[in-house]
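A.B. asks: Below: sequence and its predicted model.
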Amino acid sequence: MSVTLAQIWRHPIKGIGAERISGAFLAPDFALPLDRAFAVIEEGAVAAQGQWQPCRSFVRGAKAPQLMAISAKCHADGTMCLSHPDLPDFTFDPRGYDAGLIAWLRAIYPPDRPAPVAIVAAPQSGMTDVNFASISVLNLASLRALEARADVDLDPRRFRGNLWLDGLAPWEEMDLIGATLVIGDARLKIVEPINRCRATEANPDTGKRDVPMLRILEDGWGHSAFGVYAETTHQGHIAQDAEVEIIW
């Protein structure tokens with residue numbers, strides 16, 4: 001069976017909102033366009049524009065599972081619409097401070113956590129959990145194996161991945177460290193596994209924790225990793241359903 005690029009996702013604000021797209025242009029030293037392009041800092045963190053910061057500085061699903069139920073839609077004029085099942089839709093321009101965004105988030109944010117205070121722009125490499133221009137690559141066969149172990153359907157949005165591949169064996173992605181994925185003209189080198197946090201335990205339809213994901217991973221496979229980080233080495237356009245070649 002050939003390997004294909006089954007799904008492409010971006011997450012315009014770190015930890016806040018997922019958007020499925022049909023294609024994207026990848027380039028070295030850049031994140032997938034509009035993926036983790038912004039982040040919302042919490043009280044006590046430094047509001048540094050255009051600088052990478054560790055994930056502890058930001059509001060995210062591991063701290064507030066309600067955030068996992070947010071979906072995003074980016075518009076051509078630079079505005080963005082966020083949706084959540086318990087809130088009215090909110091449209092704003094992330095390129096400027098918006099008190100309305102902070103108020104919208106605080107309505108669902110746990111009161112015992114440091115509150116959201118401001119939105120900041122990421123560097124061109126994106127505000128991912130690692131300090132390089134990473135693109136996350138995940139495996140639908142591994143998701144199916146995890147579903148079987150958990151005995152529940154698992155929405156891919158739980159893992160906030162960028163590229164979902166179909167056609168690999170379960171967990172084969174973990175054996176691809178150092179390999180290169182060729183998708184059209186683009187090339188991505190697989191760098192390292194992604195260790196998971198409690199954000200994956202939240203249902204993206206409800207924003208409530210309902211699956212002990214970390215325990216299931218540890219009990220089933222002896223680790224808490226799911227998916228791998230890659231970085232673009234050659235630019236090019238990628239599209240859903242494209243064939244993926246693996247080279248060493």
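C.D. replies: Yep, it's here. Numbering: from 1, shown residues only.

A.B. asks: Who are the contact partners of the residue positioned nearest the centre of the chain?
C.D. replies: Taking Cα atoms, centre = their mean, the centroid of the chain lies closest to residue 160, which sits 3.0 Å from it. Contacts here follow Cβ atoms under 8 Å, 6 or more residues apart in numbering; on that basis residue 160 touches 9, 11, 15, 18, 61, 136, 199. Quick note: C-beta positions are derived from backbone N, CA and C, even for glycine.

A.B. asks: any idea which of those is the one closest to residue 36?
C.D. replies: Residue 36 has its nearest neighbour among the contacts of residue 160 in residue 11, at 5.9 Å by Cβ to Cβ.

A.B. asks: Tell me the buried residues in the longest helix along the chain?
C.D. replies: Secondary structure of the chain per DSSP state H: the longest helix is helix 140-150. The neighbour-count check on helix 140-150 (16 or more other Cβ atoms under 10 Å) flags 140-143, 145-146, 150 as buried.

A.B. asks: With stretch 233-244 instead?
C.D. replies: Under 16+ other Cβ under 10 Å, the buried positions of stretch 233-244 are 238, 240, 242, 244.

A.B. asks: Identify, from these, the entry nearest to residue 155.
C.D. replies: The shortest approach to residue 155 among the buried residues of stretch 233-244 belongs to residue 240, at 17.5 Å (Cβ to Cβ).

A.B. asks: what's the nearest residue to the closest one if we skip its chain neighbours?
C.D. replies: Of all residues beyond its chain neighbours, the one nearest residue 240 is residue 22 (5.1 Å), with distances taken as Cβ to Cβ, 6 or more residues apart in numbering.

A.B. asks: do residue 235 as well
C.D. replies: With sequence-adjacent residues excluded and distances taken as Cβ to Cβ, 6+ apart, residue 235 is closest to residue 27, at 4.2 Å.

A.B. asks: Which per-residue confidence value corresponds to that neighbour?
C.D. replies: Looking at residue 27, its pLDDT reads 98.
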